[in-house]
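S.K.: Here's my sequence, what's the structure:
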Amino acid sequence: MRGVPDHEGCRHMIDIHSHLLYGVDDGSRSFDSSVEMLKAAAKDGVKSIVLTPHFSPGLFETAHGRFERLVPEAENLDIKLFFGCEYDFSHLNTQESLITLGDKGSYVLIDFCLSPITLMTKNILLDWQMRDYRIIIAHPERLFDKNALSDLKDLADENIYFQLNAGSFAGNYGRRVRRFAKKLLKKGLCHFIASDAHSVKNYSGQIPACRKYVAKRLSPELEKVLFEENPRRMLTGRPLISIW
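M.R.: Model prediction:
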C-alpha cells in the first residue's frame with residue numbers, strides 16, 4: 001500500500017511479520033498500544049512494517065479501516081506500513097486466493113501450528129506455488145526440531161522460504177528454540193528475520209541485538225540481506241537472495 005525505497009545501499013530495516021494491527025487477533029489490543037509499538041519500532045531502527053494479523057474470514061474488510069488509521073501515525077515516525085496476513089496451514093485448503101505481503105508481490109506467510117511436514121504438506125505448498133504464490137514459512141525454529149532438517153532443506157530446494165524471529169535468538173521461546181534458530185541460520189535455512197511482534201516487548205532492542213549477532217556470526221553483508229534486501233525484494237515481487 002506504500003512505496004518501497006529503490007536504493008540498494010540504504011539502511012532501511014523492513015519488518016515483514018508483525019501483529020501491530022489492533023483489535024483483530026492476539027497482538028495489539030488497542031489503537032494506543034499500536035502507536036506505542038510503532039514508537040518502539042522506530043527506536044529499533046525499523047523503517048517499514050508489514051502488518052500480518054492471523055487470517056480469519058472477512059479480515060481485510062475488518063482491518064482496512066484500522067490500517068488506514070495507523071498510516072499517518074506511522075508516517076509521523078518515518079515508518080511505512082504494508083498490509084498482509086499470517087495464514088495457518090489449515091486455511092490453505094479453504095481459500096481460492098491468498099492475501100499477499102504488500103500489494104506488489106506474490107509472497108504469502110504461512111504458520112504451521114506444529115503440523116508435521118508430510119508429502120501431502122509439500123504437495124499443498126507446491127500447488128499454491130503453481131498458482132504463482134511464493135511461500136514463506138513463519139518461525140520454523142518454533143514449529144520444528146532437528147529431526148525436520150531434511151524436510152526443511154527439501155522445501156528450501158523447492159524455493160519455499162523461511163522467516164525466523166529475532167526473539168528466538170534472544171531466548172524468548174526457550175533454549176531449544178534458540179539452538180535450532182542458530183542451526184537454521186548456520187545451514188542457510190533462513191531468508192528473513194522479523195519481529196513477530198505482539199507487543200512493545202518485541203520492539204525493545206531485540207532486532208538491533210539480533211542484527212549484531214548475525215553480522216558477527218555470518219557477515220555484515222548477509223545481515224543486510226536478511227533484514228533489508230530480501231524484505232525489499234519480497235515487497236517488490238523479486239527473487240530472494242539465499243544466504244547459503
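S.K.: hey, where'd the helices end up in this protein?
M.R.: Counting by DSSP state H, the chain has helices at residues 31-43, 59-76, 119-130, 140-143, 149-157, 166-169, 175-186, 206-217, 220-224, 230-235.
S.K.: I'd like to know which elements the fifth one is packed against.
M.R.: In this structure, helix 149-157 packs against helix 119-130, with contacts taken as 3 or more Cβ pairs under 8 Å, 6 or more residues apart in numbering; DSSP states H and E. (Each C-beta comes from the backbone N, C-alpha and C, glycine too.)
S.K.: other SSEs contacting the helix it packs on?
M.R.: Identification of packing neighbours for helix 119-130 by 3+ Cβ pairs under 8 Å, 6+ apart yields strand 134-138, helix 149-157.
S.K.: what residue ranges in this structure score low on pLDDT?
M.R.: The model of the chain has pLDDT under 70 over residues 1-10, 114-115.
S.K.: now the residue in the chain sticking out farthest from the centre: how far from residue 126?
M.R.: In the chain, the residue that sits farthest from the middle, by Cα atoms, centre = their mean, is residue 119; the gap is 24.6 Å. Distance, residue 119 to residue 126, using Cβ to Cβ, to the nearest Å: 10 Å.
S.K.: got it, and residue 28?
M.R.: Taking Cβ to Cβ, one finds residue 28 at 34 Å from residue 126.
S.K.: go on, residue 50?
M.R.: Using Cβ to Cβ, we find residue 50 at a distance of 24 Å from residue 126.
S.K.: Please identify which of the two sits among more neighbours.
M.R.: Just comparing residue 50 and residue 126: by other Cβ atoms under 10 Å the higher neighbour count belongs to residue 50, 27 against 15.
S.K.: can I assume that one is in contact with residue 100?
M.R.: No. Applying Cβ atoms under 8 Å, one finds residue 50 not in contact with residue 100, separated by 9.9 Å.
S.K.: Which residues are in contact with each of those two?
M.R.: Common neighbours of residue 50 and residue 100, using Cβ atoms under 8 Å, 6 or more residues apart in numbering, are residue 84.
S.K.: what's the neighbour count on the closest residue to residue 200 other than its chain neighbours?
M.R.: Leaving out its chain neighbours, the residue that sits closest to residue 200 by Cβ to Cβ, 6 or more residues apart in numbering is residue 40, at 4.8 Å. Other residues near residue 40 number 20, with proximity taken as other Cβ under 10 Å.
S.K.: And for residue 64?
M.R.: 12.
S.K.: which ones are touching it?
M.R.: Counted by Cβ under 8 Å, 6+ apart, residue 64 has contacts residue 83.
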